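Asker: Dropping the sequence and predicted coords here.
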Amino acid sequence: MNEPTVPAFGPSIMPETPPLRVDEQEVIRIGRTRVTLDGLVAVFQREAKPEEIARDFDALSPGEVY
């Protein structure tokens with residue numbers, strides 16, 4: 001019997017590591033900024049859009065917000 005062929009879909013999708021770090025006080029911060037993950041989550045919970053958050057937290061890039 002012939003085996004079915006699987007079509008090629010191009011490059012595979014690889015997950016990215018979130019830009020998070022734990023500082024010396026064991027607080028999770030975004031990238032190399034002083035912005036805390038808790039602070040960012042609190043703003044998201046108030047239904048702010050990522051673009052608004054990036055504008056308000058000028059230390060964060062849109063990619064870090066997403």
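Answerer: Received, thanks.

Asker: Toward the C-terminus, what is the element adjacent to the one helix or strand E52 maps to?
Answerer: E52 is part of helix 50-56, with elements assigned from DSSP states H and E. Per DSSP H and E, helix 50-56 leads on to helix 62-65 as the next helix or strand towards the C-terminus.

Asker: Output the contacting helices and strands for that next one.
Answerer: Packed against helix 62-65 by the contact rule (3 or more CB pairs under 8 Å, 6 or more residues apart in numbering; DSSP states H and E) you find helix 50-56. Backbone N, C-alpha and C define where each C-beta goes, glycine included.

Asker: Give me the residues contacting the helix it packs on.
Answerer: Applying CB atoms under 8 Å, 6 or more residues apart in numbering, the contact partners of helix 50-56 are L40, V43, F44, A48, L60, S61, P62, E64, V65, Y66.

Asker: again with stretch 19-34
Answerer: Contacts for stretch 19-34 (CB under 8 Å, 6+ apart): V35, T36, L37, D38, L40, F57, A59, L60, S61, G63, E64.

Asker: partners of the residue nearest to the fourth one when sequence neighbours are not counted in the sheet?
Answerer: In this case it means D38. Leaving aside its chain neighbours, D38 sits nearest to I28 (7.4 Å; criterion: CB to CB, 6 or more residues apart in numbering). Beta-bridge partners for I28, by DSSP bridges, are V22.

Asker: Tell me where the model's unsure across this protein.
Answerer: For the chain, the stretches with pLDDT under 70 are 1, 6-8.

Asker: The same query, at a cut-off of 80, please.
Answerer: 1-12 (pLDDT under 80).

Asker: Report the spatially nearest residue to the spatially most central residue of it, omitting neighbours in sequence.
Answerer: Centrality entry for the chain: nearest residue to the mean C-alpha point is Y66, 4.4 Å, by CA atoms, centre = their mean. Among residues not flanking Y66 along the chain, P50 sits closest, at 5.6 Å (CB to CB, 6+ apart).
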